[in-house]
Each structure stands twice: as structure tokens, then as C-alpha cells.
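Engineer: sequence? don't have it. structure:
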């Protein structure tokens, strides 16, 4: 879907299925433009690149600016991986290659530069032109900046407002101007018991949100019976939780290591949503994606205007 005022310019162009580009966005590429299936691009974008390659199911939000200031070279380009998020107001300079891996996140107004110059080099000043890479699942906080030649390791976290001028290791947390590593091994494997406790805590928060939206909730985090304002009934339960069959109630099984039986279920190990797509599975998926879960199937839409 191309909304009003969209303009795409490139000698070589390939746009996948179920791509949406918002009104007023202009993309101009000297060499090629490729957009993978399921990707959405917000409105009012201004994207000038030597080449722009975007993977599948990426989310490029509104008011994005890409350019080649500093002078693009033939190998330059902006390469954005599957399921990566580029939030509103971000800026990427692509006069040298910029690579964002799978499921990278750029928070609002984050900036990436592949060049650094202004003052005369014969007065002892420096100029730099170099590629930038953010490896898989790296996260760049709001208004943070990346300088030329930087590689951010997989899973690294860069705090908002930081300026990164040196490469950072994988699985680290960094902050400051210039950014320094504050913590290593930020991602840790939880025990099965800790995972269950975390899930119960988050389900409690989820049920509280439903109540604030007018739902009636009975039970707890092991089994909850929910009646929506539109009188739809739902049951959320752990596998094999003892209960009587309830006519007219949509049951969604929640847990770890679940198998696809065709019934509605959410497995938090993979993570994956099984069975029919319903309003309640959408609500759960939307809630937990905001806790960092990347559910399969990856291509997904959620119409919040429909009654719960």
C-alpha cells in the first residue's frame, strides 16, 4: 500500500508483499531499493541513499531522514535487517555502509554518522569516513549518537543521550559522552522457576490493564476468566490446569515449551502464538512484545479499533 504523495526512485527496485509506505515519504536511491515483505514505513520520510535494502517485517516509523552528505562511495548503502525498528525522527548518514542486523532497535531521534569532518585537517584536525554496524538485537537509546567506524556488538544496550565513538562488545551496556561500558553480560539465562515467576508477575499487570479498560476478571495468574465490556468471555490458563469445560469461552493456554495442537496457545520459550488469531491473542502479543518478545509468526497486524 502506497499512501498519497509517496515517491520511490531507483534504477533497480523490488518491493515485497504486504508493504505499507506512509503519505509523503520520498525514497531516492542511486543504485537499488529493496523492501522485504511485511515491512511498514511511516509517513513524511526523506530517504536519500546510494542503496537501501530493508528486510522483512521491519518497522520504519515517521519523519525518518537518510542522506549521503559527506559524499557517497559505490559500496555505500543502508542495510536494515528483518524485524528491525527505526523509530520516529531518526537520522542515518549513509555516505559509507550502515548495517543494522536482525531485530535491532533505534529509539526516537537516534542518529548514526559515517563521517566526521569540518575543520581543516592541515590545522591538525581529524576527518573520518567509515562504516557503522549494529549487530543483531543491539539497542540504541533515544537521542543517542553513533560515530563513524563503530561496531556495536550483538545484544548491546546504549543508553539515551550517549555518544558512541569506539566499538562496543556484545551483550554490554554503555552510556555517557563518550560512551563507556558500564556492565557486561546484561542478558542472562533465567531458571525455569524464575521464568514462571516473571510470567506470573507480567500476567498480573496484563490483567490489571484489562480491568482498567472495563473488563471483569475472576481468578488469578494461573487461571483467569475474563469478561469484556462487549460481553465476550475468555479464559487464560496454564497447561492442564484443572477446570470444568466452559461453553462459549475462548481458552488460551499459556506456558513454556508448548506444542502446536491447533488450539489457541502462546509459548513463551520460542516465543510463538499458535492457533486462531483472536482479539485476546492479539492483546497478549501486543502486551508482551512491549516486554521484548519477538513472536512467531513474525508478520502480524493488530486492529485496536475493534471492541475487546
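Structural biologist: Arrived safely, thanks for sending. Every value quoted in this text rests on a predicted model; they were computed, and no experiment measured them.

Engineer: Number of residues surrounding the closest residue to residue 12 other than its chain neighbours?
Structural biologist: Nearest residue to residue 12 in three dimensions, chain neighbours excluded: residue 32, at 4.0 Å (CB to CB, 6 or more residues apart in numbering). (Glycine included, C-beta is placed from N, CA and C.) When neighbours are counted by other CB atoms under 10 Å, residue 32 registers 16.

Engineer: just checking, residue 32 touches residue 10?
Structural biologist: Yes. Residue 32 lies in contact with residue 10 (CB atoms under 8 Å); the separation is 5.7 Å.

Engineer: what touches both of these two?
Structural biologist: residue 52 (CB atoms under 8 Å, 6 or more residues apart in numbering).

Engineer: What segments of the stretch 101-250 of the chain are helices?
Structural biologist: Applying DSSP state H, counting those that start in this stretch to the stretch 101-250 of the chain gives helices spanning 192-212.

Engineer: so where's it shaky on pLDDT?
Structural biologist: 240-246 (pLDDT under 70).

Engineer: so the residue nearest to residue 12 is in which element?
Structural biologist: Assigned by DSSP states H and E, residue 32 belongs to strand 26-35.

Engineer: quick one: buried residues of that strand?
Structural biologist: 27, 29-35 (16 or more other CB atoms under 10 Å).

Engineer: so what's the residue nearest the centre of the chain up against?
Structural biologist: Taking CA atoms, centre = their mean, the centroid of the chain lies closest to residue 85, which sits 3.9 Å from it. Counting by CB under 8 Å, 6+ apart, residue 85 makes contact with 58-59, 61, 104-106.

Engineer: Now do the same contact list for the residue nearest to residue 12.
Structural biologist: By CB under 8 Å, 6+ apart, the neighbours of residue 32 are 10-14, 51-53.

Engineer: Please pick the buried ones from those.
Structural biologist: Neighbour-count burial (16+ other CB under 10 Å) applied to those gives 10, 51-53.

Engineer: if you skip the residues just before and after it, what's nearest to residue 110?
Structural biologist: Excluding its sequence neighbours, the residue lying closest to residue 110 (CB to CB, 6+ apart) is residue 140, at 4.6 Å.

Engineer: Quick check: the one you found vs residue 199, distance?
Structural biologist: As judged by CB to CB, to the nearest Å, residue 140 and residue 199 stand 28 Å apart.
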